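>>> Mind folding the following:
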Amino acid sequence: MSYTLVIGTRNWSSWSLRPWLALKASGAPFEEIVLPLRRPISEALIREHSPSGRVPVLKISGAGGEVVFDSLAICETLAERHPEAALWPKDASARALARSYSAEMHSGFLALREALSMDFARILPTPHLNQTVRDEIARIQSAWSAALARYRAAGPFLFGHFTIADCMYAPVVSRFLTYGIDMPDDVKAYAGHVMAIPSMQAWLKGAQEEIADGLPDQWQVEMQRNAR
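Residues are numbered from 1 along each chain as shown. Here you go, the predicted structure:
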């Protein structure tokens with residue numbers, strides 16, 4: 001059995017980052033395929049790998065040859081296959097809450113996603129935030145604070161050790177830093193711990209290399225040219 005994870009442009013693809021972090025946390029070796037986003041050819045390239053037409057996609061070789069094509073589903077699959085990695089908290093009540101946090105991120109916070117799109121390796125001005133976005137930011141930060149207070153004795157992450165819940169919110173951490181969103185001290189400390197893990201630093205390096213090569217900007221120009 002082996003894994004191949006198909007992801008999109010690192011600087012932009014928040015949904016790719018989530019299972020990539022989970023795979024890193026699992027300790028399982030994997031190959032990756034990085035597809036450019038926001039180009040005229042992007043959809044065709046993605047559909048070569050993804051039945052949903054979206055990234056990320058986890059390909060599992062071996063008996064059955066499974067293809068998992070949703071971020072949270074990939075994380076759940078990894079948790080099942082690698083219980084030793086404890087990608088969910090072992091305590092049942094903590095695990096239920098971690099799943100609730102993760103599902104809320106998976107299905108919610110649409111206004112925040114639109115207003116603060118992921119631009120992982122950049123620092124950008126804070127845009128105008130309407131009340132809906134401010135309410136979503138407040139909800140996320142209050143949820144983080146509650147989990148951090150409840151499980152702080154077990155470690156610096158939401159449920160003590162690093163779990164899928166942290167994977168699901170890692171792109172939000174990056175958004176808060178990119179756009180200079182105010183954070184209370186406990187949330188700011190949590191953001192620092194998330195950004196400091198080796199896998200986040202590796203993702204940051206990849207996003208910085210994309211920018212240094214001019215790739216995201218070039219892809220955006222191509223999209224604008226083809227839209228004329």
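
>>> From now on I want contacts and neighbour counts done on CA atoms only, so please keep to that.
Fine.

>>> Settle this for me: Gln141 is touching Asp186, isn't it.
No - with contacts counted by Cα atoms under 8 Å, Gln141 stays clear of Asp186, the gap being 9.3 Å.

>>> For His106, give me its contacts.
His106 sits next to 72, 168 when contact means Cα atoms under 8 Å, 6 or more residues apart in numbering.

>>> Check which residues of the helix or strand it falls within are buried.
Using DSSP states H and E, His106 maps to helix 92-107. Residues 94-95, 98-99, 101-102, 105-106 are the ones in helix 92-107 that count as buried (16 or more other Cα atoms under 10 Å).

>>> Tabulate those residues (JSON lines), appending pLDDT and distance to Glu114.
Output for the buried residues of helix 92-107, formatted as JSON lines (pLDDT from 0 to 100; distance: Cα to Cα, whole Å):
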{"residue": "Ala94", "pLDDT": "98", "distance to Glu114": "30"}
{"residue": "Arg95", "pLDDT": "98", "distance to Glu114": "29"}
{"residue": "Ala98", "pLDDT": "98", "distance to Glu114": "24"}
{"residue": "Arg99", "pLDDT": "98", "distance to Glu114": "24"}
{"residue": "Tyr101", "pLDDT": "98", "distance to Glu114": "20"}
{"residue": "Ser102", "pLDDT": "98", "distance to Glu114": "19"}
{"residue": "Met105", "pLDDT": "98", "distance to Glu114": "14"}
{"residue": "His106", "pLDDT": "98", "distance to Glu114": "14"}
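
>>> Of the residues you listed, which pair is most distant in space?
Using Cα to Cα, the buried residues of helix 92-107 reach their maximum pairwise distance at Ala94 and His106, which is 18.2 Å.
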